[in-house]
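In: Only the shape, not the letters, is given here:
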Ligand SMILES: Nc1ncnc2c1ncn2[C@@H]1O[C@H](COP(=O)(O)OP(=O)(O)O)[C@@H](O)[C@H]1O
Ligand SMILES: [Mg+2]
């Protein structure tokens, strides 16, 4: 089976001359749960926007579903990092999603039975059925996030791009959101690309990661990438990684950087040593 995303020697420079991505090589297989990790400014959003066909590569090739990326590809669900364009907060959950279905951001289209059924099914899948009738104004941050997740799943995408989906959630809601993504995407064989700038609960869910940082790129499983030598090289400072009692502790100079759930060796069969230099 051809990879869902195939990237060879991809570089991207902005008009300012700033090179946000340099020589990225990566294949993502169908059904993988994959993360772009790295500090702010590492190029994670740039890579997602390139995959969406919003930014042409400066060099190299990028193929999605075996062809050049196409803007507005219905096979891709997208949760953008900047989520400031929330509509009228009086709008109910169902109408909010309906308004994105036909690209009508501000109007409320009449919903056909098929569309309504599809939206309700998607809300169900993310455990948000009760949000259908509630206005956005009375939803918590976590509930709105779940609604946005449902929105990104509308239309049965084969690939889901979630740009920093955990950023505004507390630890418990992060866990809920990750569980939902994992469940829905494993069931539907959706390939998931997360981005995150923290090492967090996500680590326990990922098949592989691409770590961008300090002008370097490392690709592999969490076990391979989240190690003291690799992270110390990427951060340019001494990092310790302690695995104990089912958790990963990443520390710098004796202080906690982050705490992350351990990657259990159950259903993560994707191994492979594909480090880049
Ligand atoms: N439109 C742009 N023009 C010029 N530089 C940009 C533009 N967008 C992003 N950058 C720069 O590219 C780098 C990578 O940005 P980004 O992909 O948003 O990183 P991340 O998502 O990992 O935080 C940053 O240094 C950012 O300032
Ligand atoms: Mg970003």
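Out: Alright, I've got the coordinates. Keep in mind that this is a model prediction, so the values were computed, not measured. Ligands and ions are numbered 1, 2, ... in the order given.
In: For the chain, which segments count as helices?
Out: Taking DSSP state H, the helices of the chain run over residues 44-51, 93-101, 113-125, 141-153, 171-188, 222-225, 228-235.
In: Could you list the buried residues of the last one?
Out: Residues of helix 228-235 classed as buried: 230, 231, 234 (neighbour count, 16 or more other C-beta atoms under 10 Å). (Each C-beta comes from the backbone N, C-alpha and C, glycine too.)
In: what does the third one give?
Out: Within helix 113-125, the residues scored as buried using 16+ other C-beta under 10 Å are 115, 118, 119, 122, 123, 125.
In: Also the fourth one?
Out: For helix 141-153, burial by neighbour count (16+ other C-beta under 10 Å) applies to 142, 143, 144, 145, 146, 147, 148, 149, 150, 151, 152, 153.
In: quick one: stretch 154-168 near ligand 2?
Out: No. On the criterion C-beta under 5 Å from the ion, stretch 154-168 is out of touch with ligand 2, staying 5.9 Å away.
In: Write out the residues of the stretch 51-200 of the chain neighbouring ligand 2.
Out: residue 81.
In: Could you check which residue of the stretch 51-200 of the chain lies nearest ligand 2?
Out: residue 81 (4.7 Å; C-beta to the ion).
In: Beta-bridge partners for the spatially most central residue of the chain, please?
Out: In the chain, the C-alpha nearest the mean C-alpha coordinate belongs to residue 194, at 1.8 Å (C-alpha atoms, centre = their mean). Residue 194 has these beta-bridge partners by DSSP bridges: residue 35, residue 162.
In: Can you pull the residues of the chain lying near ligand 1?
Out: 14, 16, 18, 20, 38, 40, 41, 42, 43, 44, 45, 46 (C-beta under 6 Å from any ligand atom).
In: Report the residue spans of the chain with pLDDT below the cut-off.
Out: By pLDDT under 70, the low-scoring segments of the chain are 83-87, 102-110, 199-200, 245-247, 254-277.
In: can you tell me the residue of it closest to ligand 2?
Out: Residue nearest to ligand 2 within the chain: residue 45 (3.2 Å; C-beta to the ion).
In: Of all the residues in stretch 67-75, which ones are buried?
Out: In stretch 67-75, counting by 16+ other C-beta under 10 Å, buried: 69, 73.
In: Apologies, that question was intended for stretch 214-225.
Out: Per 16+ other C-beta under 10 Å, stretch 214-225 contains these buried residues: 216, 217, 218, 219, 220, 221, 222, 224, 225.
In: didn't the residue of the chain closest to ligand 2 look like it was pressed against residue 195?
Out: Yes. Counting by C-beta atoms under 8 Å, residue 45 touches residue 195, with 6.9 Å between them.
In: For the buried residues of helix 228-235, give me a markdown table that also has distance to ligand 2.
Out: Below are the buried residues of helix 228-235 laid out as a markdown table (distance: C-beta to the ion, whole Å):
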| residue | distance to ligand 2 |
| --- | --- |
| 230 | 22 |
| 231 | 20 |
| 234 | 17 |
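In: Which PyMOL command selects the buried ones in the residues of the chain next to ligand 1?
Out: Typed into PyMOL, the next command selects the buried ones out of these (criterion: 16+ other C-beta under 10 Å):
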select buried, resi 20+38+42+43+44+45+46
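In: quick one: which two of the residues of the chain next to ligand 1 are the most distant?
Out: 16 and 38 (19.8 Å; C-beta to C-beta).
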